[in-house]
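*Asks:* All I have is the shape, not the residue letters:
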């Protein structure tokens, strides 16, 4: 796989809606293309960085759209066949990769998502939690509000998206706001004299 990397920094405004954030990132992505001729090695050396200490080189976001026109491809006389995405062996090229796949001609009109991660860095429990947090965030962003008749990503700011899972919120509330019956206002006092 060949990956061309163009690093850039985006300031996220928490007051933006998800739709506005996507539009902002889209515009940023298009604006940096004019710098695609500048090699990554030069960018890293300008910033006094090396490949070994740059975490953004270990994370990848991938969106694959399957087209109906890709049934038969020919490249320099070699015929290529389309392969089912379910059959592809997923090897972790990056430490963490998030892949979205969409087939517009599919009858189920479904967007699928997968995490491809290094087993050296992420165990199954951590990935399960990451997956649940991601699903929880997606549900919040794309849920339809019955009272406002609008989709959240058009109306609400991204600051309203909560990454804490519902059971973690309950646990947090129990820990922080639970008063023990056998304790009355006890605690440590400290004074600073100087």
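*Replies:* Structure received. Treat the numbers as computed from the prediction; the structure is a model and nothing was measured.
*Asks:* What strand or helix carries residue 41?
*Replies:* Here residue 41 sits within helix 40-46, counting by DSSP states H and E.
*Asks:* mean confidence score for that helix?
*Replies:* Across helix 40-46, pLDDT averages out at 84.
*Asks:* which secondary structure elements does that helix contact?
*Replies:* Packing contacts for helix 40-46, counted by 3 or more C-beta pairs under 8 Å, 6 or more residues apart in numbering; DSSP states H and E, involve no helix or strand. From N, CA and C alone the C-beta is placed, and that goes for glycine too.
*Asks:* List the buried residues in it.
*Replies:* Going by neighbour count (16 or more other C-beta atoms under 10 Å), the buried part of helix 40-46 is 43-44.
*Asks:* now do stretch 115-135
*Replies:* In stretch 115-135, counting by 16+ other C-beta under 10 Å, buried: 116-117, 122.
*Asks:* What of stretch 99-108?
*Replies:* 99, 101, 103.
*Asks:* the strands in this structure, which residues?
*Replies:* 59-65, 72-75, 78-81, 96-102, 111-117, 144-145, 150-151 (DSSP state E).
*Asks:* Which elements pack onto the lengthiest helix in the chain?
*Replies:* Longest helix in the chain, counting residues (DSSP state H): helix 124-142. Helices and strands touching helix 124-142, by 3+ C-beta pairs under 8 Å, 6+ apart, are strand 111-117, helix 152-155.
*Asks:* Of these, which shows the lowest average pLDDT?
*Replies:* helix 152-155 (a mean of 62).
*Asks:* one step back: could you list the residues in contact with the helix holding residue 41?
*Replies:* 5-7, 50-51, 54 (C-beta atoms under 8 Å, 6 or more residues apart in numbering).
*Asks:* let's see 7 Å
*Replies:* 5, 7, 50-51, 54 (C-beta atoms under 7 Å, 6 or more residues apart in numbering).
*Asks:* just those now: which is nearest residue 37?
*Replies:* residue 5 (13.3 Å; C-beta to C-beta).
*Asks:* who touches that closest one in this structure?
*Replies:* Residue 5 touches 40, 57, counting by C-beta under 7 Å, 6+ apart.
*Asks:* how near is it to residue 52?
*Replies:* Note on residue 5: its distance to residue 52, by C-beta to C-beta, to the nearest Å, is 15 Å.
*Asks:* Please apply the same query to residue 111.
*Replies:* Taken as C-beta to C-beta, the span from residue 111 to residue 52 is 35 Å.
*Asks:* So those two - more neighbours on which side?
*Replies:* Neighbours were counted for residue 111 and for residue 52 using other C-beta atoms under 10 Å; residue 111 has more, 12 against 6.
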